[in-house]
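Student: Take a look and give me a structure for this.
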Amino acid sequence: MINDDLPVGATPLTPDDANGLLPKHISTRRQLDQFESRNIQQGLQWALKAKRKPADILNIDFCLKLHKHLFDKSWSWAGQFRLYEVNIGNTPPEIVMVQLKDLCDDAQAWIEFSTYPIDEIAIRLHHRMVYIHPFPNGNGRHSRIMADLLLKSLEQPLFTWGSKGNLTLQSKSRVEYLAALRLADKGDLSALLVYART
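Tutor: The predicted structure is shown next:
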């Protein structure tokens, strides 16, 4: 039932992952989305209250800690890397940690050497993190928040992420977001940059 009515592009939960659901009263995707949304709001309060530098955010420990805070009331495996192949990206589970560390190191270098404009650095971080898909669930939400926290650490305004739509539900906004991600997979970040500031 949790995997029923998945929006396009969402990763189905494996039976093992579904068994990690902490609130046992949840039986539908809608209930799960509502519960996770409240959990994420609590995690966001934790994430946004501290003043951090880019180096405080761009590391494996913070990535795991953020995921844990965003989903700790929802999933027993919150803050743990996935252990199986998924339908997004092509990062085998055994190299997820290496790929994520490389991404964090790259993003720190992009900032240090002003390789790209700041918005583009945050979008590149988001896109590659989604592609690596480090966790069983919550990757899009986690990576969008990572991008926003990086912007905050650089004293830039947060992205709005197509603020008129809910990206966890099947919506016009989600379709636009996924189309922008697919273009980014081909090396064209322009639509994702526009979407993030819409």
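Student: What about residue 21? Give its phi and psi, please.
Tutor: With angles defined as degrees, to the nearest 10, residue 21 sits at phi -70, psi 120.
Student: That one touches residue 15, doesn't it?
Tutor: No - between residue 21 and residue 15 there is no contact, the gap being 11.1 Å when judged by C-beta atoms under 8 Å. Heads up, the C-betas are built off the backbone N, CA and C, glycines and all.
Student: Between these two, point out the one with more neighbours.
Tutor: residue 21 (18 against 7; other C-beta atoms under 10 Å).
Student: So which residues of the protein form helices?
Tutor: For the chain, helices defined by DSSP state H occupy the ranges 15-19, 29-49, 54-57, 60-71, 96-112, 118-132, 139-153, 172-185, 190-196.
Student: Output those helices as a markdown table; include the columns distance to residue 6 and mean pLDDT.
Tutor: Shown next, in a markdown table, are the helices of the chain (distance: least, C-beta to C-beta, whole Å; pLDDT from 0 to 100):
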| stretch | distance to residue 6 | mean pLDDT |
| --- | --- | --- |
| helix 15-19 | 12 | 91 |
| helix 29-49 | 7 | 95 |
| helix 54-57 | 30 | 98 |
| helix 60-71 | 17 | 98 |
| helix 96-112 | 22 | 98 |
| helix 118-132 | 16 | 98 |
| helix 139-153 | 13 | 97 |
| helix 172-185 | 11 | 92 |
| helix 190-196 | 21 | 97 |
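Student: I'd like these laid out as JSON lines, including distance to residue 5.
Tutor: Listed next are those as JSON lines, based on distance: least, C-beta to C-beta, whole Å:
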{"stretch": "helix 15-19", "distance to residue 5": "15"}
{"stretch": "helix 29-49", "distance to residue 5": "5"}
{"stretch": "helix 54-57", "distance to residue 5": "34"}
{"stretch": "helix 60-71", "distance to residue 5": "20"}
{"stretch": "helix 96-112", "distance to residue 5": "28"}
{"stretch": "helix 118-132", "distance to residue 5": "22"}
{"stretch": "helix 139-153", "distance to residue 5": "17"}
{"stretch": "helix 172-185", "distance to residue 5": "13"}
{"stretch": "helix 190-196", "distance to residue 5": "24"}
